[in-house]
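**Q** let's see this in three dimensions:
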Amino acid sequence: MESVGSWTPKQVGLWLKGLDDAVQPYIQSFILAGVTGEQLLNLSHRDMDRLNITKLGHQELILEAVDLLCALNFGLENETLQSLTVALGLNVENLDMAMTVRNQQSILVGLAGPRDNYKLPPDILRAICDVLSAAKAVVSWLDRTPFVQMMNYIAIRNRIVRICLGFTSSIHKDPNKRDAEETVVPLCKELAMLSQSLQLSVKDDPQVCSAARVEVITLTNVDHKLGLGMFIQSSFNGTHYVTGTKEGSPAYTCKRIHPGDEILQVNYQTVVGWKLKKLVDALKEDPHGVVITFKKRP
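**A** Below is the predicted model:
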């Protein structure tokens, strides 16, 4: 696959076309500013302010999709469930350390103050965001075959999701109250224990030590009634993966497409972060066939 870092401004624009409709008015700004793939991978809120993208919600839509591109560009060849689990553990340790330092400072300089005058500092909020991103990556693996069929991994996956919901809930309720910190601390400790347990359980499992690989598959002789015959599910952040194939369809008869395969490109256009409808439109664009690039996990 071509590196995202080598994209031209035109390629950046083509990728942006697949994102949420709210992003579409800004595409021309990216192209006129000459934003390359390398600059896209390093995009910040300040950069988007310069591009006149001032609505925070719209900035977040773009940054979430860019996060997926970064994972694709930098982590594809080395990504395993084991490596993602280690990364989650490190991020949890960083959050725990930041919370410990914060508590020590509060005691030393008397910052405890009234309950309604408390605010989680930016470094704590950033550390929580890092933990959530790392947890999402782990869950994205556990949501696929063969792990969805293994009870121990299902239980771990559900606990991670519950803890992450606790993090987001505590922050969104009111980050200015001490209740937020009182909720985060036990969640952090629980996730640390769970991460250690997961690292121990995956250490000797060959399925979690094997890296993902890329495979390009061409589907032809498409029947208009049957279509390609792939059942596709999308995550909330724009990751698309196959859940099954329709018997007798091109996807079924090729024998190379399996549940859990993630769709990275359609006709060599990167579709990571795209809306599902736009992905489906791209798959249907040529009635004679399509070239699909998949990310296959062990």
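
**Q** check which helix or strand covers Val291.
**A** strand 289-296 (DSSP states H and E).

**Q** how about residues contacting that strand?
**A** Under the contact criterion CB atoms under 8 Å, 6 or more residues apart in numbering, strand 289-296 has outside partners 1, 76, 212-222, 228, 242, 250, 257-258, 260-268, 283. For the C-beta atoms, the positions are set from N, CA and C on the backbone; glycine is no exception.

**Q** mind giving me the ChimeraX select for these, buried ones only?
**A** Entered in ChimeraX, the line below selects the buried ones among the contacts of strand 289-296, by 16 or more other CB atoms under 10 Å:
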select :212,219,222,228,242,250,257,260,261,262,263,264,265,266,283
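
**Q** roughly how far apart are Gly75 and Gln265?
**A** 17 Å (CB to CB, to the nearest Å).

**Q** quick check on Leu72: phi, psi?
**A** phi -70, psi -40 (degrees, to the nearest 10).

**Q** can you pull the contacts of it?
**A** 4, 264, 270, 272 are the contacts of Leu72 under CB under 8 Å, 6+ apart.

**Q** need the nearest residue in space to the third one, chain neighbours excluded.
**A** What it means is Thr270. In space, and not counting its chain neighbours, Thr270 is closest to Trp15: 5.7 Å by CB to CB, 6 or more residues apart in numbering.

**Q** again, but for the last one
**A** With sequence-adjacent residues excluded and distances taken as CB to CB, 6+ apart, Val272 is closest to Leu68, at 4.8 Å.

**Q** which element is the one you found on?
**A** Going by DSSP H and E, Leu68 is part of helix 56-75.

**Q** list the buried residues for that helix?
**A** Residues of helix 56-75 classed as buried: 58-59, 61-62, 64-69, 71-73, 75 (neighbour count, 16+ other CB under 10 Å).

**Q** try stretch 36-45
**A** Here stretch 36-45 shows 36-37, 39-41, 43 as buried, counting by 16+ other CB under 10 Å.

**Q** now secondary structure and distance to Ile292 too, for the residues you listed, in TSV please.
**A** Shown next, in TSV, are the buried residues of stretch 36-45 (DSSP: H, G, I helix; E, B strand; the rest coil; distance: CB to CB, whole Å):
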residue	secondary structure	distance to Ile292
Thr36	coil	26
Gly37	helix	21
Gln39	helix	28
Leu40	helix	23
Leu41	helix	24
Leu43	coil	27
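
**Q** check the residue most central in space within the chain and give its pLDDT.
**A** When CA atoms, centre = their mean is applied to the chain, the residue found nearest the centroid is Leu68 (5.1 Å). Per-residue pLDDT puts Leu68 at 88.

**Q** can you pull the contacts of it?
**A** With CB under 8 Å, 6+ apart, Leu68 has these contacts: 237-239, 272-273.
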